[in-house]
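S.K.: here is my input, please return the structure:
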Amino acid sequence: MNVHSASSERLFIFVTFVSRSSIPPAVCDNRSVLTFFHCLFMQGSKSLLIAAALGFCFALWVSLTGAEALCVSSGCEIFAGFTFFGFSLWTWACAYFALVFVLALMTQGVFLQILTAIALTLEVALLCVMIFVAPCVNCLIVGAGVFATFYLTYREKLVSIFKILAVIWCFLFFANAAGVLKEQVPPYVIAGNPESSVSVYFSPSCSACETLILTMGQNPDIAWLPVTEYAEDRFFVERLKTRLVKGETFYDAYRALKADAASWDETPFTLSALFTRVRLWQNEAHLAISGVKVLPHTELAGVPKQWLPESAKPANFIDGILRGGASCVKGQGRDCP
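M.R.: Sure thing, here's the model as predicted:
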């Protein structure tokens, strides 16, 4: 009978642990390990414990693997090697979430409030740095975990100063998230090879751009990216895109439109025209952020061949770049070709 009662009591403890329902004080007096940790769990905030556990697991995963599958933004590579007092951001994140979990179990409210407030303040500082450097997806995910632990700690007693801190964090977080989305949309290449080592930004109303296009426009290995200076430039780009869709080459379509200016008058408003305008804004924003004031603007990747002493000088500067030269992929060491 005693054995049966003991088994029933263990079953009751297990069921109540799984269901996370409250435990009678008599059961909490039991000295079994299962009951002890269950009582601790019931004393703390379940949501806070779950948030801390998930944050710890993610930070540990990034620390051990690098989480390259989620590293879709340039900031991930930059902040991967960042250290603070000799420890990586992910090590600090693991320590933070583990400490939050322990303090939540022990119901140490004051220490928990101080810890989460300091962590969110540091997170705000990191978000400010990312805005001026580059957004980091993994950092944003960890930051969301930090904010969750802060909110779950203060949700019933959020004073004005911490409300302001939370609002600032939200603004910076969504600003960085928008930066991540912007990075995922490539510049608008209207013609040529999008993967080319040479990208040329041009405007239809730029005479120097016209000279360059008439000289190098037949080369399919150059990426041509349009920008607009005047309203009629948008109409030109829309007409140019229509001709390219029909199968004309960039060089022929450009020459034909330049020869017949009346053919690229104002185009009717369509969703396609609206989409083109948005893509043009993207190219213009890229030049504005880069501080470019002159067109045509050429961006190069690698070193042109004619800059290397052992290479023969090519026919012209652009061909020297397109035929290859020297370039190093970041992270591959000093012995790249």
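S.K.: going forward, measure contacts and count neighbours with C-alpha atoms only.
M.R.: OK.
S.K.: strands along the stretch 151-300 of the chain, start to end?
M.R.: 198-202, 223-226, 297-300 (DSSP state E, counting those that start in this stretch).
S.K.: rank the ones you listed by pLDDT, which is bottom?
M.R.: Here the lowest mean pLDDT among the strands of the stretch 151-300 of the chain goes to strand 297-300, at a mean of 85.
S.K.: need the contact partners of it.
M.R.: Residues outside strand 297-300 that contact it (C-alpha atoms under 8 Å, 6 or more residues apart in numbering) are Ser197, Val198, Ser199, Val200, Tyr201, Phe202, Ile321.
S.K.: and the fifth one, bridged to which residues?
M.R.: In this case it means Tyr201. Leu225, His297 (DSSP bridges).
S.K.: just checking, it touches Ile213?
M.R.: No: contact between Tyr201 and Ile213 fails when scored by C-alpha atoms under 8 Å: they sit 10.7 Å apart.
S.K.: mind listing what's buried in stretch 179-189?
M.R.: If you call a residue buried by 16 or more other C-alpha atoms under 10 Å, then stretch 179-189 has these buried ones: Gly179, Val180, Pro187, Tyr188, Val189.
S.K.: figure out how far stretch 214-234 is from the centre of its chain.
M.R.: 29 Å (C-alpha atoms, centre = their mean, to the nearest Å).
S.K.: which pair of the contacts of strand 297-300 spans the longest distance?
M.R.: Phe202 and Ile321 (18.5 Å; C-alpha to C-alpha).
S.K.: helices of the stretch 151-300 of the chain, start to end?
M.R.: 160-184, 207-216, 231-245, 250-259, 271-290 (DSSP state H, counting those that start in this stretch).
S.K.: what's the most buried one of those?
M.R.: helix 231-245 (a mean of 19; mean count of other C-alpha atoms under 10 Å).
S.K.: so what pLDDT did the nearest residue to Ala273 once chain neighbours are set aside get?
M.R.: Computed as C-alpha to C-alpha, 6 or more residues apart in numbering, the closest residue to Ala273 that is not its neighbour in sequence is Glu238, at 6.7 Å. pLDDT recorded at Glu238 is 87.
S.K.: the helix or strand harbouring Trp90: how far from the chain's middle?
M.R.: For Trp90, the host element (DSSP states H and E) is helix 89-105. For helix 89-105, the distance from its own C-alpha centre to the chain's C-alpha centre is 24 Å (C-alpha atoms, centre = their mean).
S.K.: now swap in stretch 122-134 and tell me
M.R.: Remark: stretch 122-134 is offset 13 Å from the chain centroid, using C-alpha atoms, centre = their mean.
S.K.: ditto for stretch 86-102
M.R.: Its chain's C-alpha centre and that of stretch 86-102 lie 22 Å apart, by C-alpha atoms, centre = their mean.
S.K.: and it, C-alpha only, in PDB?
M.R.: What follows is stretch 86-102, C-alpha atoms only, in PDB (Å, rounded to 0.1, in the frame of the first residue of the first chain):
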ATOM      1  CA  GLY A  86      38.300  39.600 -24.800                       C
ATOM      2  CA  PHE A  87      35.000  37.800 -25.300                       C
ATOM      3  CA  SER A  88      32.800  37.700 -28.300                       C
ATOM      4  CA  LEU A  89      29.300  39.200 -28.400                       C
ATOM      5  CA  TRP A  90      27.900  35.700 -28.500                       C
ATOM      6  CA  THR A  91      29.700  34.700 -25.400                       C
ATOM      7  CA  TRP A  92      28.400  37.700 -23.600                       C
ATOM      8  CA  ALA A  93      24.900  36.900 -24.900                       C
ATOM      9  CA  CYS A  94      25.100  33.400 -23.600                       C
ATOM     10  CA  ALA A  95      26.200  34.600 -20.200                       C
ATOM     11  CA  TYR A  96      23.400  37.200 -20.100                       C
ATOM     12  CA  PHE A  97      20.600  34.800 -21.000                       C
ATOM     13  CA  ALA A  98      21.900  32.100 -18.600                       C
ATOM     14  CA  LEU A  99      22.100  34.700 -15.700                       C
ATOM     15  CA  VAL A 100      18.600  35.900 -16.500                       C
ATOM     16  CA  PHE A 101      17.300  32.300 -16.400                       C
ATOM     17  CA  VAL A 102      19.000  31.700 -13.000                       C
END
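S.K.: for that stretch, buried residues please.
M.R.: For stretch 86-102, burial by neighbour count (16+ other C-alpha under 10 Å) applies to Leu89, Trp90, Thr91, Ala93, Cys94, Tyr96, Phe97, Ala98, Leu99, Val100, Phe101, Val102.
S.K.: same thing with stretch 130-146?
M.R.: Those would be 130-131, 134-140, 142-146, for stretch 130-146 by 16+ other C-alpha under 10 Å.
S.K.: where's the dip in pLDDT among these?
M.R.: The minimum pLDDT among the buried residues of stretch 130-146 falls on Ala134, with 82.
S.K.: how about it, secondary structure?
M.R.: Assigned with DSSP: H, G, I helix; E, B strand; the rest coil, Ala134 falls in the coil class.
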